[in-house]
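> sequence-free structure coming up:
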């Protein structure tokens, strides 16, 4: 049911290389290790897991949480970035890999190698996320770091649609860019945007120029909104509400970060005067 330009991928990489060509991460017992994950994929979400270890999520799209959130694995939509910590407390050789079906076998894995265990062999990656504690937006508590609004309160509803019956058209409020209606704003405005996904594919919506708070997901309010600049809007009537302060003047792209969707028209502008 997707568009005709959806590509097929047979290789998944970490830093441009597929396992076993990926560069091992060498650690010593007792170290605290920070990882910065960037989903540079055009289409795929990834679920990142480090075998034998728990991961602590500390930052979302570069914005610090009030306190780290410990999980087993971190799902990431295209364009999302996460900072993670883990404690190197289980000497041996382990795999850092994507737990999504077929991804590790296509090359998306790398060794985490403890000093003194260079001759050891890692266990095979385990696909799937059953019984794992996964990162979710509502697990984190965001810091109140956005610029304080000084202007009007503005509200926008953006319906995301497209891809039906093989079409390559992807729309916002039934319009394709450059015919979409821009968000016309003044510096200092408090801006709320409500996304509703009427399509059969998820859309990681990315705002250039300023970050936003994620207020609610599928009608559920977040107790302490996290701060991001990309948010994944689930398929089949998923919804997200965000809020930002229009503090950075200019014409800023606001778009789905999947290139096939962006090229199909799922772009608008946040036009800040």
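On my side now, so go ahead. The shown structure was predicted, so the numbers you read here are calculated from the model rather than taken from an experiment. Numbers count the residues shown, from 1 in each chain.

> contacts, neighbours, all on C-alpha from now
Noted.

> can you give me the helices in the chain?
Secondary structure of the chain by DSSP state H: the helices cover 259-263.

> give me the low-pLDDT residue ranges for it?
1-8 (pLDDT under 70).

> could you chop it up by domain?
25-135, 153-272 (automatic domain parsing).

> export the ones you listed to a markdown table and append columns for distance to residue 143 and mean neighbour count.
As requested, these are exported to a markdown table (distance: least, C-alpha to C-alpha, whole Å; neighbours: other C-alpha atoms under 10 Å):
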| stretch | distance to residue 143 | mean neighbour count |
| --- | --- | --- |
| domain 25-135 | 6 | 18 |
| domain 153-272 | 7 | 20 |
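
> need those in a markdown table with distance to residue 141, can you?
Converted to a markdown table, the domains of the chain look like this (distance: least, C-alpha to C-alpha, whole Å):
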| stretch | distance to residue 141 |
| --- | --- |
| domain 25-135 | 6 |
| domain 153-272 | 5 |
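
> break down the stretch 151-273 of the chain into its strands, ranges please.
Here the stretch 151-273 of the chain has its strands, by DSSP state E, counting those that start in this stretch, at 153-162, 170-172, 183-185, 190-197, 203-207, 212-217, 220-221, 227-228, 230-233, 239-245, 250-256, 267-272.

> do you know which of these lies nearest residue 27?
For the strands of the stretch 151-273 of the chain, proximity to residue 27 was assessed by C-alpha to C-alpha; strand 227-228 is nearest, at 29.9 Å.

> what's the distance between the residue nearest the centre of the chain and residue 24?
The centre of the chain sits closest to residue 80, judged by C-alpha atoms, centre = their mean, with a distance of 2.8 Å. Distance of residue 80 to residue 24, given as C-alpha to C-alpha, to the nearest Å: 23 Å.

> for residue 216, same thing?
For residue 216, the distance to residue 24 - C-alpha to C-alpha - is 39 Å.

> same question, residue 18
The gap separating residue 18 from residue 24 is 12 Å, by C-alpha to C-alpha.

> who's in contact with the closest residue to residue 172 other than its chain neighbours?
Of all residues not flanking residue 172 in the chain, residue 160 sits nearest, at 4.9 Å (C-alpha to C-alpha, 6 or more residues apart in numbering). Contact analysis of residue 160 by C-alpha atoms under 8 Å, 6 or more residues apart in numbering lists 170, 171, 172, 173, 174, 195, 196, 197, 198, 199, 266.

> the last one touches residue 176, doesn't it?
Yes. Checked against C-alpha atoms under 8 Å, the pair residue 266 and residue 176 is within contact range at 6.2 Å.

> joint contacts of those two?
Residues touching both residue 266 and residue 176 (C-alpha under 8 Å, 6+ apart): residue 170.

> ok so, going back, now the strands of the stretch 151-273 of the chain in TSV, with distance to residue 117?
As requested, those are exported to TSV (distance: least, C-alpha to C-alpha, whole Å):
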stretch	distance to residue 117
strand 153-162	50
strand 170-172	50
strand 183-185	56
strand 190-197	48
strand 203-207	40
strand 212-217	43
strand 220-221	46
strand 227-228	38
strand 230-233	39
strand 239-245	46
strand 250-256	43
strand 267-272	49
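
> isn't residue 229 up against residue 214?
No. Assessed by C-alpha under 8 Å, residue 229 is found out of contact with residue 214, at 9.3 Å.
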